[in-house]
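K.L.:
Have a look; sequence and predicted model below, questions after that.
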Amino acid sequence: MEWTLKQGKWLSTCRICFFQMTFDVTSFVALGVDIDSVGTKGGQHPFARAFDQMLEAILQRLGDPFYRIKRRFQIGARERKITLLKHTLANHAAAIINDRRRTMEDKSALGPDLLSRFIEYGKRNNVLMNNEHLKDVVMNVLLAGRDT
């Protein structure tokens, strides 16, 4: 935010209050991760930027009757961009999961966040909580926090 003000650019309080702060709070409470999208230089977190770009590209598909074929064979810049953005989102979720698993190994206490509780539930009840399952949980939480 400070970076935007120093550059003499407009500051959207709507974007800060409704998108960035909900994204930050949801990420912190549910995942135990301080994303700090409000303080991010340039005004947008890389996950949020990738999410916005993916939404835009997917909306462009609506006017293309051949998008299923293009998606299947990766024809066109839009389909390749969507694939790259999906990898960006998945890598961000994987980094959060790996960080949480490392933190839980270092500490004996259970964290207050939902992700730690999912992992701990799996350990306690011998339920397989692999990274793919947890990635879906993380993506749902992040997207809900971003798009609320």
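P.N.:
Received it, and whenever you're ready, just let me know what you need.

K.L.:
so where do the helices sit in this protein?
P.N.:
Along the chain, the segments classed as helices by DSSP state H run 2-6, 13-14, 21-26, 46-61, 67-73, 77-106, 114-124, 131-146.

K.L.:
Can I get those helices in TSV including distance to Val33, mean neighbour count and mean pLDDT?
P.N.:
To be clear about C-beta, it is placed using only N, CA and C from the backbone, and glycine gets the same treatment. As requested, the helices of the chain are exported to TSV (distance: least, Cβ to Cβ, whole Å; neighbours: other Cβ atoms under 10 Å; pLDDT from 0 to 100):
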stretch	distance to Val33	mean neighbour count	mean pLDDT
helix 2-6	21	11	54
helix 13-14	24	7	60
helix 21-26	9	18	82
helix 46-61	10	16	89
helix 67-73	31	13	95
helix 77-106	5	15	92
helix 114-124	8	15	89
helix 131-146	9	18	88
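
K.L.:
Distance to Ser37 for those - can I get that in a markdown table?
P.N.:
Below are the helices of the chain laid out as a markdown table (distance: least, Cβ to Cβ, whole Å):
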| stretch | distance to Ser37 |
| --- | --- |
| helix 2-6 | 13 |
| helix 13-14 | 14 |
| helix 21-26 | 5 |
| helix 46-61 | 6 |
| helix 67-73 | 29 |
| helix 77-106 | 12 |
| helix 114-124 | 18 |
| helix 131-146 | 9 |
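
K.L.:
nearest to Ile35, of the ones you listed?
P.N.:
Among these, helix 21-26 comes nearest to Ile35, with 5.4 Å by Cβ to Cβ.

K.L.:
burial measure for Ile35, as a count.
P.N.:
Neighbours of Ile35 under the rule other Cβ atoms under 10 Å: 24.

K.L.:
show me the residues around it that make contact.
P.N.:
Contacts for Ile35 (Cβ atoms under 8 Å, 6 or more residues apart in numbering) come out as Phe23, Asp24, Ser27, Phe28, His45, Phe47.

K.L.:
Now the fourth one: closest residue in space, sequence neighbours ignored.
P.N.:
Read it as Phe28. Nearest non-adjacent residue to Phe28, counting by Cβ to Cβ, 6 or more residues apart in numbering: Asp34, 5.7 Å away.
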